[in-house]
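Asks: No sequence on hand, only this structure:
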(Lines give C-alpha, C1' and ligand atoms only; values in the text may rest on other atoms or scores of the structure.)
Protein backbone atom coordinates (compact mmCIF):
# COMPACT_ATOMS: atom_id res chain seq x y z
CA UNK A 1 0.00 0.00 0.00
CA UNK A 2 1.39 3.40 -1.02
CA UNK A 3 1.66 5.98 1.78
CA UNK A 4 2.66 9.65 1.80
CA UNK A 5 4.18 11.22 4.92
CA UNK A 6 4.33 14.95 5.58
CA UNK A 7 7.89 15.17 6.87
CA UNK A 8 7.52 18.81 7.87
CA UNK A 9 5.67 17.32 10.88
CA UNK A 10 7.99 15.73 13.44
CA UNK A 11 5.63 12.83 14.12
CA UNK A 12 5.06 11.99 10.46
CA UNK A 13 8.74 12.46 9.72
CA UNK A 14 9.79 9.81 12.23
CA UNK A 15 7.06 7.42 11.07
CA UNK A 16 7.87 8.08 7.42
CA UNK A 17 11.58 7.41 7.89
CA UNK A 18 10.84 4.12 9.64
CA UNK A 19 8.46 3.03 6.88
CA UNK A 20 10.94 4.10 4.18
CA UNK A 21 13.74 2.13 5.87
CA UNK A 22 11.51 -0.94 6.02
CA UNK A 23 10.48 -0.55 2.38
CA UNK A 24 14.12 -0.32 1.28
CA UNK A 25 14.95 -3.48 3.23
CA UNK A 26 12.03 -5.21 1.45
CA UNK A 27 13.50 -4.21 -1.96
CA UNK A 28 10.76 -1.67 -2.68
CA UNK A 29 11.05 1.88 -3.99
CA UNK A 30 10.54 5.10 -2.07
CA UNK A 31 10.52 8.81 -3.02
CA UNK A 32 12.52 11.34 -1.00
CA UNK A 33 13.55 14.98 -1.29
CA UNK A 34 17.13 15.94 -2.09
CA UNK A 35 18.82 19.33 -2.34
CA UNK A 36 18.21 19.39 -6.10
CA UNK A 37 14.92 17.62 -6.99
CA UNK A 38 12.92 14.69 -5.60
CA UNK A 39 14.37 11.26 -6.20
CA UNK A 40 13.08 7.71 -6.46
CA UNK A 41 15.31 5.44 -4.39
CA UNK A 42 16.03 1.73 -3.96
CA UNK A 43 18.63 -0.51 -2.35
CA UNK A 44 21.78 -0.04 -4.43
CA UNK A 45 22.92 -3.59 -3.63
CA UNK A 46 19.69 -5.32 -4.73
CA UNK A 47 19.44 -6.06 -8.46
CA UNK A 48 15.70 -6.66 -7.99
CA UNK A 49 15.19 -3.27 -6.30
CA UNK A 50 17.22 -1.46 -8.98
CA UNK A 51 15.21 -3.23 -11.70
CA UNK A 52 11.99 -2.02 -10.03
CA UNK A 53 13.36 1.54 -9.90
CA UNK A 54 14.21 1.50 -13.61
CA UNK A 55 10.82 -0.01 -14.47
CA UNK A 56 9.02 2.66 -12.41
CA UNK A 57 10.75 5.35 -14.44
CA UNK A 58 10.34 3.56 -17.77
CA UNK A 59 14.10 3.41 -18.16
CA UNK A 60 16.40 0.73 -19.56
CA UNK A 61 19.57 -0.77 -18.10
CA UNK A 62 21.53 1.47 -20.48
CA UNK A 63 20.66 4.39 -18.17
CA UNK A 64 21.80 3.21 -14.70
CA UNK A 65 20.98 5.35 -11.66
CA UNK A 66 23.52 7.25 -9.56
CA UNK A 67 24.15 6.26 -5.94
CA UNK A 68 23.63 8.63 -3.01
CA UNK A 69 25.90 8.20 0.01
CA UNK A 70 25.51 9.48 3.59
CA UNK A 71 29.09 10.61 4.19
CA UNK A 72 32.20 11.45 2.19
CA UNK A 73 34.27 8.59 3.65
CA UNK A 74 31.94 6.14 1.87
CA UNK A 75 33.68 7.21 -1.35
CA UNK A 76 36.58 4.78 -1.03
CA UNK A 77 34.31 1.88 -0.13
CA UNK A 78 32.35 2.22 -3.39
CA UNK A 79 34.93 3.60 -5.84
CA UNK A 80 38.49 2.62 -6.74
CA UNK A 81 41.42 4.59 -8.15
CA UNK A 82 40.05 7.86 -6.79
CA UNK A 83 42.48 10.53 -7.97
CA UNK A 84 43.59 13.51 -5.89
CA UNK A 85 41.59 15.84 -8.15
CA UNK A 86 38.41 13.76 -7.79
CA UNK A 87 38.87 13.76 -4.04
CA UNK A 88 39.39 17.52 -4.08
CA UNK A 89 36.08 18.02 -5.93
CA UNK A 90 34.27 15.82 -3.43
CA UNK A 91 35.80 17.72 -0.51
CA UNK A 92 34.81 21.05 -2.07
CA UNK A 93 31.25 20.27 -3.18
CA UNK A 94 29.94 17.45 -0.94
CA UNK A 95 27.40 17.56 0.45
CA UNK A 96 25.94 19.33 -2.57
CA UNK A 97 24.90 19.22 -6.21
CA UNK A 98 27.89 17.40 -7.71
CA UNK A 99 27.82 13.83 -9.01
CA UNK A 100 31.18 12.17 -9.70
CA UNK A 101 31.51 9.26 -12.13
CA UNK A 102 34.28 6.99 -10.86
CA UNK A 103 35.58 3.46 -11.31
CA UNK A 104 33.44 1.14 -9.17
CA UNK A 105 35.03 -1.14 -6.59
CA UNK A 106 35.23 -4.47 -8.49
CA UNK A 107 34.63 -6.47 -5.32
CA UNK A 108 31.14 -5.03 -4.73
CA UNK A 109 28.15 -7.30 -5.35
CA UNK A 110 25.72 -4.98 -7.09
CA UNK A 111 24.08 -4.48 -10.48
CA UNK A 112 23.02 -0.94 -11.30
CA UNK A 113 22.67 -1.62 -15.03
CA UNK A 114 25.13 -1.31 -17.89
CA UNK A 115 27.69 0.82 -16.05
CA UNK A 116 30.77 -0.72 -17.71
CA UNK A 117 32.59 -0.73 -14.40
CA UNK A 118 31.75 2.79 -13.27
CA UNK A 119 29.53 4.28 -10.58
CA UNK A 120 28.09 7.81 -10.24
CA UNK A 121 28.28 8.98 -6.61
CA UNK A 122 26.84 11.98 -4.78
CA UNK A 123 26.35 13.14 -1.20
CA UNK A 124 23.20 15.30 -1.10
CA UNK A 125 22.95 18.47 0.97
CA UNK A 126 19.54 17.65 2.44
CA UNK A 127 18.87 16.85 6.09
CA UNK A 128 16.01 14.40 5.45
CA UNK A 129 17.88 12.57 2.68
CA UNK A 130 21.02 12.24 4.80
CA UNK A 131 19.00 10.98 7.77
CA UNK A 132 17.43 8.26 5.63
CA UNK A 133 20.80 7.36 4.06
CA UNK A 134 22.22 7.03 7.56
CA UNK A 135 19.54 4.39 8.25
CA UNK A 136 19.73 2.51 4.94
CA UNK A 137 23.25 2.97 3.60
CA UNK A 138 23.91 3.86 -0.08
CA UNK A 139 20.81 4.14 -2.25
CA UNK A 140 20.38 3.99 -6.00
CA UNK A 141 18.51 7.24 -6.70
CA UNK A 142 17.23 8.87 -9.87
CA UNK A 143 14.90 11.80 -10.42
CA UNK A 144 11.34 11.01 -9.32
CA UNK A 145 9.62 11.17 -12.68
CA UNK A 146 8.80 9.04 -15.68
CA UNK A 147 11.57 9.23 -18.27
CA UNK A 148 10.91 12.13 -20.62
CA UNK A 149 8.74 14.02 -18.10
CA UNK A 150 9.60 16.96 -15.86
CA UNK A 151 11.46 16.18 -12.64
CA UNK A 152 9.24 16.35 -9.57
CA UNK A 153 9.80 19.19 -7.10
CA UNK A 154 7.41 17.78 -4.47
CA UNK A 155 6.40 14.28 -3.42
CA UNK A 156 2.86 14.94 -4.65
CA UNK A 157 4.20 15.76 -8.14
CA UNK A 158 6.22 12.55 -8.06
CA UNK A 159 3.15 10.53 -7.06
CA UNK A 160 1.22 11.82 -10.08
CA UNK A 161 3.85 10.22 -12.31
CA UNK A 162 4.99 7.15 -10.34
CA UNK A 163 1.74 6.22 -8.56
CA UNK A 164 1.68 2.82 -6.87
CA UNK A 165 5.10 1.74 -8.14
CA UNK A 166 6.46 3.49 -5.03
CA UNK A 167 5.79 2.23 -1.48
CA UNK A 168 6.58 5.41 0.48
CA UNK A 169 6.52 9.10 -0.47
CA UNK A 170 8.39 11.43 1.89
CA UNK A 171 7.03 14.95 1.43
CA UNK A 172 9.43 17.66 2.52
CA UNK A 173 8.22 20.67 0.57
CA UNK A 174 9.52 22.18 -2.66
CA UNK A 175 13.00 21.35 -3.91
CA UNK A 176 15.17 23.22 -4.42
CA UNK A 177 12.96 26.27 -3.56
CA UNK A 178 9.33 27.07 -4.37
CA UNK A 179 9.09 29.21 -7.49
CA UNK A 180 12.46 28.09 -8.88
CA UNK A 181 13.09 25.69 -11.73
CA UNK A 182 14.14 22.10 -11.07
CA UNK A 183 17.92 22.03 -10.93
CA UNK A 184 19.75 18.69 -11.30
CA UNK A 185 23.21 17.94 -10.00
CA UNK A 186 26.23 18.62 -12.19
CA UNK A 187 27.76 15.34 -13.37
CA UNK A 188 31.54 15.10 -13.89
CA UNK A 189 33.25 12.10 -15.45
CA UNK A 190 36.35 11.59 -13.32
CA UNK A 191 37.36 8.23 -14.81
CA UNK A 192 39.99 9.73 -17.15
CA UNK A 193 42.09 12.87 -17.59
CA UNK A 194 41.10 15.59 -18.13
CA UNK A 195 37.80 15.41 -16.25
CA UNK A 196 34.72 16.39 -18.24
CA UNK A 197 31.29 17.74 -17.31
CA UNK A 198 28.71 15.42 -18.89
CA UNK A 199 25.68 17.27 -17.51
CA UNK A 200 25.64 20.88 -16.39
CA UNK A 201 23.59 21.52 -13.28
CA UNK A 202 23.82 23.02 -9.81
CA UNK A 203 27.62 23.48 -9.76
CA UNK A 204 28.94 25.77 -12.48
CA UNK A 205 31.98 25.00 -14.62
CA UNK A 206 33.67 28.11 -13.22
CA UNK A 207 33.33 26.82 -9.65
CA UNK A 208 34.66 23.40 -10.65
CA UNK A 209 37.69 25.05 -12.27
CA UNK A 210 38.47 26.90 -9.06
CA UNK A 211 39.30 23.47 -7.63
CA UNK A 212 40.49 21.58 -10.73
CA UNK A 213 41.41 24.07 -13.50
CA UNK A 214 41.65 21.39 -16.22
CA UNK A 215 37.98 20.30 -16.07
CA UNK A 216 36.41 20.43 -19.54
CA UNK A 217 32.93 21.64 -20.38
CA UNK A 218 30.26 19.41 -21.92
CA UNK A 219 31.23 19.95 -25.58
CA UNK A 220 34.70 21.39 -25.07
CA UNK A 221 37.44 19.69 -27.12
CA UNK A 222 40.50 18.25 -25.45
CA UNK A 223 43.26 20.88 -25.81
CA UNK A 224 45.86 20.06 -28.45
CA UNK A 225 49.60 20.13 -27.86
CA UNK A 226 50.22 20.90 -31.54
CA UNK A 227 51.16 24.61 -31.11
CA UNK A 228 53.88 23.79 -28.59
CA UNK A 229 55.21 21.01 -30.82
CA UNK A 230 55.28 23.35 -33.82
CA UNK A 231 57.31 25.94 -31.93
CA UNK A 232 59.78 23.29 -30.79
CA UNK A 233 60.24 22.13 -34.38
CA UNK A 234 60.73 25.71 -35.58
CA UNK A 235 63.35 26.32 -32.91
CA UNK A 236 65.29 23.23 -33.99
CA UNK A 237 65.43 24.54 -37.56
CA UNK A 238 66.95 27.90 -36.60
CA UNK A 239 70.58 28.66 -37.51
CA UNK A 240 73.04 27.57 -34.82
CA UNK A 241 74.42 30.35 -32.64
CA UNK A 242 77.97 31.24 -33.64
CA UNK A 243 80.89 30.40 -31.45
CA UNK A 244 81.71 34.08 -31.11
CA UNK A 245 78.28 34.83 -29.81
CA UNK A 246 78.69 32.25 -27.05
CA UNK A 247 82.19 33.20 -25.98
CA UNK A 248 81.00 35.47 -23.15
CA UNK A 249 80.24 34.21 -19.67
CA UNK A 250 76.63 35.48 -19.72
CA UNK A 251 74.09 32.76 -20.59
CA UNK A 252 72.21 33.06 -23.86
CA UNK A 253 68.61 34.16 -23.24
CA UNK A 254 66.13 31.78 -24.85
CA UNK A 255 62.58 32.91 -25.36
CA UNK A 256 60.17 30.51 -23.66
CA UNK A 257 57.42 29.06 -25.84
CA UNK A 258 54.01 30.32 -24.71
CA UNK A 259 52.14 27.76 -22.60
CA UNK A 260 49.02 26.23 -24.02
CA UNK A 261 46.16 27.25 -21.86
CA UNK A 262 44.34 24.19 -20.58
CA UNK A 263 40.57 24.81 -20.78
CA UNK A 264 38.41 23.20 -18.18
CA UNK A 265 33.73 20.09 -16.98
CA UNK A 266 31.18 11.92 -14.63
CA UNK A 267 28.12 9.51 -14.75
CA UNK A 268 26.12 8.21 -15.43
CA UNK A 269 26.54 7.98 -17.61
CA UNK A 270 27.84 10.06 -20.32
CA UNK A 271 31.60 10.02 -21.22
CA UNK A 272 32.65 6.79 -23.01
CA UNK A 273 32.26 4.38 -20.12
CA UNK A 274 29.97 6.43 -17.96
CA UNK A 275 26.36 5.82 -16.94
CA UNK A 276 24.11 8.13 -18.94
CA UNK A 277 21.65 10.36 -17.08
CA UNK A 278 19.13 11.72 -19.56
CA UNK A 279 17.02 13.59 -17.04
CA UNK A 280 17.82 15.45 -13.82
CA UNK A 281 18.76 13.35 -10.87
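Replies: Nice, thanks for sending it over. Treat the numbers as computed from the prediction; the structure is a model and nothing was measured. Numbers count the residues shown, from 1 in each chain.
Asks: okay, CA-based contacts and neighbour counts for the rest of this
Replies: Noted.
Asks: Quick check: mean pLDDT of stretch 87-107?
Replies: For stretch 87-107, mean pLDDT is 96.
Asks: Tell me the buried residues in stretch 203-222?
Replies: 203, 205, 208-209, 211-218, 222 (16 or more other CA atoms under 10 Å).
Asks: any chance of those residues in a markdown table, with pLDDT, distance to residue 178 and secondary structure too?
Replies: Below are the buried residues of stretch 203-222 laid out as a markdown table (pLDDT from 0 to 100; distance: CA to CA, whole Å; DSSP: H, G, I helix; E, B strand; the rest coil):
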| residue | pLDDT | distance to residue 178 | secondary structure |
| --- | --- | --- | --- |
| 203 | 97 | 19 | coil |
| 205 | 98 | 25 | helix |
| 208 | 98 | 26 | helix |
| 209 | 98 | 30 | helix |
| 211 | 98 | 30 | helix |
| 212 | 98 | 32 | coil |
| 213 | 98 | 33 | coil |
| 214 | 97 | 35 | coil |
| 215 | 98 | 32 | coil |
| 216 | 98 | 32 | strand |
| 217 | 97 | 29 | coil |
| 218 | 96 | 28 | coil |
| 222 | 91 | 39 | coil |
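Asks: could I get these as TSV with distance to residue 197?
Replies: Below are the buried residues of stretch 203-222 laid out as TSV (distance: CA to CA, whole Å):
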residue	distance to residue 197
203	10
205	8
208	9
209	11
211	14
212	12
213	13
214	11
215	7
216	6
217	5
218	5
222	12
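Asks: closest to residue 156 among the residues you listed?
Replies: When the buried residues of stretch 203-222 are compared for distance to residue 156 (CA to CA), residue 203 wins out at 26.7 Å.
Asks: so that closest one touches residue 186, yeah?
Replies: Yes: Residue 203 sits in contact with residue 186 when judged by CA atoms under 8 Å, with a separation of 5.6 Å.
Asks: any common contacting residues for those two?
Replies: Both residue 203 and residue 186 are contacted by 97-98, under the criterion CA atoms under 8 Å, 6 or more residues apart in numbering.
Asks: returning to what we had before: from the buried residues of stretch 203-222, which is closest to residue 147?
Replies: residue 218 (21.6 Å).
Asks: what's near enough to touch the closest one?
Replies: 196-200, 265.
Asks: Widest-spaced pair of those?
Replies: Maximum pairwise distance among those (CA to CA): 10.3 Å, between 196 and 200.
Asks: Compare neighbour counts for those two and give me the winner.
Replies: Between residue 196 and residue 200, counted using other CA atoms under 10 Å, residue 196 has the larger neighbour count: 28 against 19.
Asks: so the more buried one touches residue 190, yeah?
Replies: Yes: between residue 196 and residue 190 there is a contact under CA under 8 Å: 7.1 Å.
Asks: now the helices: where do they sit in the chain?
Replies: Applying DSSP state H to the chain gives helices spanning 10-25, 47-57, 75-78, 84-93, 127-136, 155-162, 205-211, 226-236.
Asks: do you know how far residue 31 is from residue 98?
Replies: Computed with CA to CA, to the nearest Å, the distance linking residue 31 and residue 98 is 20 Å.
Asks: for residue 114, that is, sorry about that
Replies: Relative to residue 98, and taking CA to CA, residue 114 is found at 21 Å.
Asks: now residue 176
Replies: Distance, residue 176 to residue 98, by CA to CA: 14 Å.
Asks: picking up where we left off before, ok, residue 114 and residue 98, which is more surrounded?
Replies: More crowded of residue 114 and residue 98, by other CA under 10 Å: residue 98, with 28 against 18.
Asks: And the more buried one, how close does it get to residue 72?
Replies: Distance from residue 98 to residue 72, by CA to CA: 12 Å.
Asks: what sits in contact with each of those two?
Replies: Joint contacts of residue 98 and residue 72 (CA under 8 Å, 6+ apart) are 90, 123.
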